[in-house]
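[1] what's the 3D shape of this:
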Amino acid sequence: MRHPMPNTMKPIVSTSDDEFVRLVQQAVALDDAPAHSVQAAIALWSAAAPGPVAAVGQAALRLVRAVLSFDSWAQPALATGLRSASSETRHLLFNAQGRDVDLRISPNAGAFMLSGQILGPDESGVLELVTCDERSPGPARSAALDDMGEFRLDGVNTGTYLLTLRVGGVDITLPAIEVGGRNR
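    The predicted model follows:
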């Protein structure tokens, strides 16, 4: 006769706040699964559940969120003199799965110019810019990446925008970007 294993898991409703915080901290500290393991899991899932479920799994894999690693307006001045002079051009650097996105926001003829470059394994792609302002939504604007992964969009008005780069079968979405007023 086999003895059933005791159930050591408690329902969340009976877990204390301290236990729950400890469990969340343990979960956050876990390493991400390697990309090949994620692909293998999706392949197994796709074989077991063909159709729309597989498409959702593939779409989730294609979306990559970039992380801000540098913002020139958020950094303190490191030296005195000319190098510490403020600049109207904002420099942002994002990281996303083996790619770096270098973005510059510069005043240009009463509006702003967004220019930059994606550094990584991809040679072609497109950039899409969408406003986050629900009061004055505008059409998405796009620009193709050149052979060096560089892009440029002129005539961008002050506001909050979402920028997505579509490269190598992956959509890289940057966090919402404020274009315009300096937050110093």
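[2] in the chain, what spans have low per-residue confidence?
    In the predicted model, the chain carries pLDDT under 70 at residues 1-13, 28, 30, 32-33, 35-61, 75-86, 122-123, 135-137, 182-184.
[3] if you set the cut-off to 90 instead, what comes out?
    In the prediction, the chain carries residues with pLDDT under 90 at positions 1-88, 96-99, 109-110, 119-124, 131-140, 147, 167-171, 180-184.
[4] can you pull out the strands in it?
    Shown for the chain, the strands assigned by DSSP state E span residues 63-65, 67-71, 90-96, 99-108, 111-119, 125-131, 141-144, 150-156, 159-167, 170-173, 177-179.
[5] now those as TSV including mean neighbour count?
    The way it works is simple: take the backbone N, C-alpha and C, and place the C-beta from them, glycine included. Converted to TSV, these look like this (neighbours: other Cβ atoms under 10 Å):
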stretch	mean neighbour count
strand 63-65	13
strand 67-71	13
strand 90-96	20
strand 99-108	18
strand 111-119	20
strand 125-131	18
strand 141-144	14
strand 150-156	16
strand 159-167	19
strand 170-173	19
strand 177-179	18
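[6] Dump those strands into TSV; add distance to R22 as well.
    Shown next, in TSV, are the strands of the chain (distance: least, Cβ to Cβ, whole Å):
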stretch	distance to R22
strand 63-65	27
strand 67-71	26
strand 90-96	30
strand 99-108	35
strand 111-119	39
strand 125-131	40
strand 141-144	46
strand 150-156	45
strand 159-167	35
strand 170-173	32
strand 177-179	36
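[7] Right, I'll leave it there.
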